[in-house]
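**Student:** pasting the structure only:
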């Protein structure tokens, strides 16, 4: 069974920084794309950033220049470094991974449980 476990959320003042981590574990053969999404109260879940297995990245316009996504393939872990945080970044952040599971030998989409990020003075 595959699990994605997130850590690193919390409360920070505007202009501050946080680093989110997401570790994948279980019956994993390899991980293709990884990414971070967020959902604010009353809004739909939106894409924040993605990273492919070879390190190509893409970002939502609202976070470009402030957030950086990275991954450690040896540890099956992805990160989201968030700088210059704004109140509008407040949301529950979810990690995502598209991976090949050994049990089924099929690619599937997996999600973390979500971690709250609150930006407030």
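**Tutor:** That came through, no problem. These numbers come from a predicted model, not from an experiment.

**Student:** OK, contacts around the residue nearest the centre of the chain?
**Tutor:** Closest to where the C-alpha atoms of the chain average out (Cα atoms, centre = their mean) is residue 36, at 2.9 Å. By Cβ atoms under 8 Å, 6 or more residues apart in numbering, residue 36 lies in contact with 20, 22, 48-50, 69, 78, 80, 93-96. In this view, the C-beta of every residue, glycine as well, is placed from N, C-alpha and C.

**Student:** okay if I get these as CSV plus neighbour count, secondary structure and pLDDT?
**Tutor:** Below are the contacts of residue 36 laid out as CSV (neighbours: other Cβ atoms under 10 Å; DSSP: H, G, I helix; E, B strand; the rest coil; pLDDT from 0 to 100):
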residue, neighbour count, secondary structure, pLDDT
20, 24, strand, 98
22, 27, strand, 98
48, 25, strand, 98
49, 22, strand, 98
50, 19, strand, 98
69, 23, strand, 98
78, 29, strand, 98
80, 26, strand, 98
93, 23, strand, 98
94, 21, strand, 98
95, 28, strand, 98
96, 20, strand, 98
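
**Student:** export these to TSV and tack on distance to residue 108?
**Tutor:** Listed next are those as TSV, based on distance: Cβ to Cβ, whole Å:
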residue	distance to residue 108
20	22
22	16
48	21
49	21
50	17
69	21
78	17
80	22
93	21
94	16
95	15
96	11
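
**Student:** Out of those residues, flag the one nearest to residue 118.
**Tutor:** residue 93 (10.8 Å; Cβ to Cβ).

**Student:** hang on, the closest one packs against residue 37?
**Tutor:** Yes: the pair residue 93 / residue 37 is scored as a contact, 7.3 Å apart, by Cβ atoms under 8 Å.

**Student:** Need the residues touching each of the two.
**Tutor:** Residues touching both residue 93 and residue 37 (Cβ under 8 Å, 6+ apart): residue 48.
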